[in-house]
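S.K.: Here's my sequence, what's the structure:
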Amino acid sequence: MHAREALSCLVDHEPLGATDAELAAHVERCPGCAAFLRDAKALEALTRSLQTPAPDLTDVVDGVARSRRRAGGSRAPALRLGLVAVGALQLALAVPGLLFGTDDGAPIHVAHEVGAWDLALAVGFVYAAWRPLRALGLLPFAAVLSIGLVATAVIDVAHGHTTALAETTHLLDVVGTTLLYLLTSPPIRTRPQPELRAV
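M.R.: Down below sits the predicted model:
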């Protein structure tokens, strides 16, 4: 090992590649290494003097998290109850197609598949109400489904393939998706308005 690498290890309190006696003897007869060791020790002392322990912010972070949870929690119970209600209605819509194969004249196989789809969505809404942290994972799926159903409903109504009244059941998907979004989004905080002072 080179002498200066060994001196760096000495300053950094790391294992040396040479004995202390060998290193000391080398520094005595080498002015360059002696200056290097002196400068390295001075730099290490300066660095240590500038180090300040990081403040413990655990209580601050915990307090902010608790206050935000309380602020957002005021609307959470209502949103969760809304999701349970939407899930129950979705389940009621799923039963005819799933059990009896009836869905506005659709073939039995298609009605069964639509019923299974509605059942899965109903369970998803109820599960998100039970475990709100899981709502974020369901949101993209429910959003794409709602947009797709509304878009196809508009197209089908425009072409006379169905009536607007028959497609109102898709509003339930939109309501459920909206509740999921509100449950997962942080509450809107308004900035305090500056006070107006008389001049």
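S.K.: what pLDDT does residue 36 get?
M.R.: Looking at residue 36, its pLDDT reads 78.
S.K.: And for it, the neighbour number?
M.R.: Neighbourhood size, residue 36 [other C-beta atoms under 10 Å]: 17. C-beta here means a position set from N, CA and C on the backbone, and glycine is covered the same way.
S.K.: do residue 108 as well
M.R.: 12.
S.K.: same thing with residue 176?
M.R.: Residue 176 has 27 neighbours, counted by other C-beta under 10 Å.
S.K.: How about residue 152?
M.R.: Residue 152 is flanked by 14 other residues according to other C-beta under 10 Å.
S.K.: Now do it against residue 141, distance only.
M.R.: 17 Å (C-beta to C-beta, to the nearest Å).
S.K.: One more: residue 176?
M.R.: 11 Å.
S.K.: which phi and psi does residue 138 have?
M.R.: Note on residue 138: backbone dihedrals following degrees, to the nearest 10 are phi -80, psi -20.
S.K.: Which pLDDT value belongs to it?
M.R.: For residue 138, the predicted pLDDT is 90.
S.K.: Am I right that it is in contact with residue 122?
M.R.: No - checked against C-beta atoms under 8 Å, the pair residue 138 and residue 122 is beyond contact range at 11.8 Å.
S.K.: what domains does the record give for the protein?
M.R.: According to automatic domain parsing, the chain comprises the domains 3-50, 72-184.
S.K.: Let me know which of the ones you listed is the nearest to residue 60.
M.R.: Closest to residue 60 of those is domain 72-184 (C-beta to C-beta; 18.8 Å).
S.K.: where does this structure dip in pLDDT?
M.R.: Scanning the chain for pLDDT under 70 picks out the ranges 1, 4, 7, 10-18, 50-51, 65-73, 101-106, 186-199.
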